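Participant: let's see this in three dimensions:
(chains A and B)
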Amino acid sequence: MQLKDTLRRISKTCKTVIAPSTQDEYAKTQAYMAAVVLEKIALQIELEKKHELQMASAYRSLVEEVSLILNDEKYSKVLSIEIQNGLEIFSRNQSRSGLNVFIKQLYMSKETLGEELVNQIKERARTTMRADIDFRMEFAK
Amino acid sequence: METKVTEQQILEYLRTKIPHEKGHRLSNIERITVGWSHETWLFDLVTTVNGDECTLPLCLRRDPGNTLLRNLSNLETQFKVLQCLEKTELLTPKVYWYESDTNILGAPFLVMEKVSGVCPSPWGKNGRDFYEKAARRGVLPVDFSKTLAILHTLDWEKSGLEFLGIPSPDRGFALAEINKWKSLIDVSDHQPEPILTDLICWLEENAPISQRVTLVHGAYRTGNILIDEDKVSAILDWELQTLGDPMYDVAYVLTDLNREGTNLLSNIVERDIFFETYESITGWSIDEKICRYYDALYAMRSVAFWMSASGLYASGLSDDIRLARTAWSVTVVLERAAKNLGY
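Facilitator: Residues are numbered from 1 along each chain as shown, chains lettered A, B, ... in the order given. As a prediction, this is how the structure comes out:
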């Protein structure tokens, strides 16, 4: 039996055995809530691998596309240390946490990069963030 | 972890406060279990004066030290605010005592008047039915709107509320709120969220200039007001109050965060009635653009709440599994925030 299936079994036990036989109202609510939480973790485990693979590819594409934009000669004079550091960190750590650093640095670089370029990169990054949150909503709802 | 408080401890404390009366006992004791805020007990203190039995309806709130707002809310401030508001026409519970001495009930607490009325939760079917019927009768929607206008037009300087801190001019209020919720996010020890960072940076860049400074409740909605015979009998939940832009409260009434399956604002009032009542009493126009900004700020605040709540469970500061459930609420609110930002 896989971990997700075991969690679902425990969730069912909480919901159908433990909660109904618990007299205390607070403890009963806790048992029902434990069932909900375990079910969510089970679903998250089930979808996690697929999510990780798809997001790894999405982050890779984002790094490549942003690098292409920023490496364009016409922007060579406006590249700030912040945005270069941000992109470097994100390139090394292609994850939600790496993207988080990049977004921070992007906003900090607005004066040097100019609004148009920042918006262009931000819109591209937002496509990736939307894909991530859509995946996560599958088990969050 | 929670320290239990007994009826006997409460009674012993009250005997020290009203020693000249005899035969103290508590009746109609009710422990409110909803919310992740301060613990609340409602009861009647029954005493005998000159052979006659007297009843004093009371409410005791205790800070267990692990509330969702952590150090952003404390009972001493709540006590002071309610003391100041007693002198105004705003309907609030009268406060009697505040005790910081943790030897009495294991944590700081305050005792205040138990005001008559009901406070149905708008998130359940019964609550929604209650507000829907009250909306049809038409008295409560107007009173709900009028009460917010009274709150915003009271003279906070004269009432002694400056201690809440006057925000810096221009964009000071919005930026202070952002910083407040950032501090809660920081102590929650949650993994980085790029959508949240995007939202915070956007909020900082677009912070509006406040047109005026008023008392702001911070969570004015059904569920946080007490209702008696279709009228607001008291405004409750004085935990997020501040001095700042009144549009912050107005935005909370307008937001769809506070209504479920209905077009009625805060489940009680039609948009036109709210605008008409509020604007005619205050003499101000509701700035919907600024309200939309504050709606996005509420998304940030909600993320901060849920990160704090799930963090309390994860770190072992609370054993309430309902808090663990809120880890997924962070995702739901972030999704909404992304929509607010246009993606």
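Participant: these two touch, right, residue B:192 and residue A:96?
Facilitator: Yes: judged on C-beta atoms under 8 Å, residue B:192 makes contact with residue A:96 at a distance of 6.4 Å. Quick note: C-beta positions are derived from backbone N, CA and C, even for glycine.
Participant: the more surrounded of the two?
Facilitator: Remark: of residue B:192 and residue A:96, residue A:96 carries more neighbours, 18 against 15, as counted by other C-beta atoms under 10 Å in any protein chain shown.
Participant: my read: the more buried one touches residue B:191, true?
Facilitator: Yes: if you go by C-beta under 8 Å, residue A:96 and residue B:191 touch, sitting 7.1 Å apart.
Participant: now the helices for chain A?
Facilitator: A:3-13, A:19-21, A:25-70, A:81-92, A:96-108, A:110-113, A:115-140 (DSSP state H).
Participant: between the third one and helix A:3-13, how many degrees?
Facilitator: Think helix A:25-70. Helix A:25-70 runs at 150 degrees relative to helix A:3-13, counting by axes from the mean of the first three to the mean of the last three C-alpha atoms, to 10 degrees.
Participant: how about the residues of chain A by chain B?
Facilitator: A:25-26, A:29-30, A:33-34, A:36-37, A:40, A:96-97, A:99-104, A:107, A:122-123, A:125-127, A:129-130, A:133-134, A:136-137, A:139-141 (C-beta under 8 Å from any C-beta of the partner chain).
Participant: which residues of the chain score low on pLDDT?
Facilitator: Picking chain A for this. Residues of chain A meeting the criterion pLDDT under 70: none.
Participant: ah, no, chain B please
Facilitator: Ranges of chain B meeting pLDDT under 70: B:1-3, B:33-35.
Participant: quick one, domains of it?
Facilitator: Domain ranges of chain B: B:7-113, B:125-340, per automatic domain parsing.
Participant: the first one spans what distance, first to last residue?
Facilitator: Right, domain B:7-113. 18 Å (C-alpha to C-alpha, to the nearest Å).
Participant: please apply the same query to the longest one.
Facilitator: One end of domain B:125-340 to the other measures 28 Å (C-alpha to C-alpha).
Participant: does it reach chain A?
Facilitator: Yes: counting by C-beta under 8 Å from any C-beta, chain A is contacted by domain B:125-340 at B:191-195, B:197-198, B:201, B:205, B:320-322, B:324-325, B:328-329, B:331-332, B:334-335, B:338.
Participant: returning to that earlier point: among the helices of chain A, which is the most enclosed?
Facilitator: Most buried of the helices of chain A by mean neighbour count (mean count of other C-beta atoms under 10 Å in any protein chain shown) is helix A:96-108; its value is a mean of 21.
Participant: what's in contact with that one?
Facilitator: A:55, A:59, A:62, A:66, A:80, A:82-83, A:85-87, A:89-93, A:113, A:118, A:121-122, A:125, A:128-129, A:132, B:191-194, B:197-198, B:201, B:205 (C-beta atoms under 8 Å, 6 or more residues apart in numbering or on different chains).
Participant: how about stretch B:92-101?
Facilitator: By C-beta under 8 Å, 6+ apart, stretch B:92-101 touches B:13, B:17, B:58-59, B:75-76, B:79, B:82-83, B:85-86, B:105, B:108-115, B:234-236, B:238.
Participant: which of those residues fall in strands?
Facilitator: In strands, judged by DSSP state E, the following of those are found: B:58, B:59, B:109, B:110, B:111, B:112, B:113, B:234, B:235.
Participant: just among those residues, which is most surrounded?
Facilitator: By neighbour count, taken as other C-beta under 10 Å, the most surrounded of these turns out to be residue B:109 (26 neighbours).
Participant: and that one, how far from residue A:40?
Facilitator: Using C-beta to C-beta, to the nearest Å, we find residue B:109 at a distance of 35 Å from residue A:40.
Participant: same check on residue B:260?
Facilitator: Taking C-beta to C-beta, one finds residue B:260 at 21 Å from residue A:40.
Participant: what's the answer for residue B:187, then?
Facilitator: For residue B:187 relative to residue A:40 (C-beta to C-beta), the value is 24 Å.
Participant: mind listing the helices for the stretch 1-150 of chain B?
Facilitator: Taking DSSP state H, counting those that start in this stretch to define them, one finds helices in the stretch 1-150 of chain B at B:7-17, B:75-85, B:102-105, B:125-137, B:139-153.
Participant: nearest to residue B:264, of those?
Facilitator: Proximity to residue B:264 (C-beta to C-beta) singles out helix B:125-137 among the helices of the stretch 1-150 of chain B, at 5.5 Å.
Participant: ok and the closest one relative to helix B:139-153, angle-wise?
Facilitator: In terms of direction (the same axes, to 10 degrees), helix B:125-137 departs from helix B:139-153 by 90 degrees.
Participant: what packs against helix B:125-137?
Facilitator: helix B:139-153 (3 or more C-beta pairs under 8 Å, 6 or more residues apart in numbering or on different chains; DSSP states H and E).
Participant: check the stretch 51-200 of chain B for the residue nearest chain A and tell me.
Facilitator: residue B:192 (3.8 Å; C-beta to the nearest C-beta).
Participant: in contact with that residue: list those residues for me.
Facilitator: Here residue B:192 is in contact with A:96, A:97, A:100, A:101 (C-beta under 8 Å, 6+ apart).
Participant: look at residue B:266 and say how many residues are nearby.
Facilitator: Residue B:266, neighbours per other C-beta under 10 Å, totals 26.
Participant: just to revisit the earlier point, now list the buried members of the residues of domain B:125-340 next to chain A.
Facilitator: B:193-195, B:197-198, B:201, B:320-322, B:324-325, B:328-329, B:331-332, B:334-335, B:338 (16 or more other C-beta atoms under 10 Å in any protein chain shown).
Participant: among these, which ones are in helices?
Facilitator: Checked against DSSP H, these include these in helices: B:194-195, B:197-198, B:201, B:321-322, B:324-325, B:328-329, B:331-332, B:334-335, B:338.
Participant: picking that back up, quick one: which of the helices of chain A is nearest residue B:52?
Facilitator: That would be helix A:25-70 among the helices of chain A, by C-beta to C-beta, at 36.7 Å.
Participant: so the closest one versus helix A:115-140, what angle?
Facilitator: 150 degrees.
Participant: residue B:307 and residue B:196, how far apart?
Facilitator: In terms of C-beta to C-beta, residue B:307 sits 9 Å off from residue B:196.
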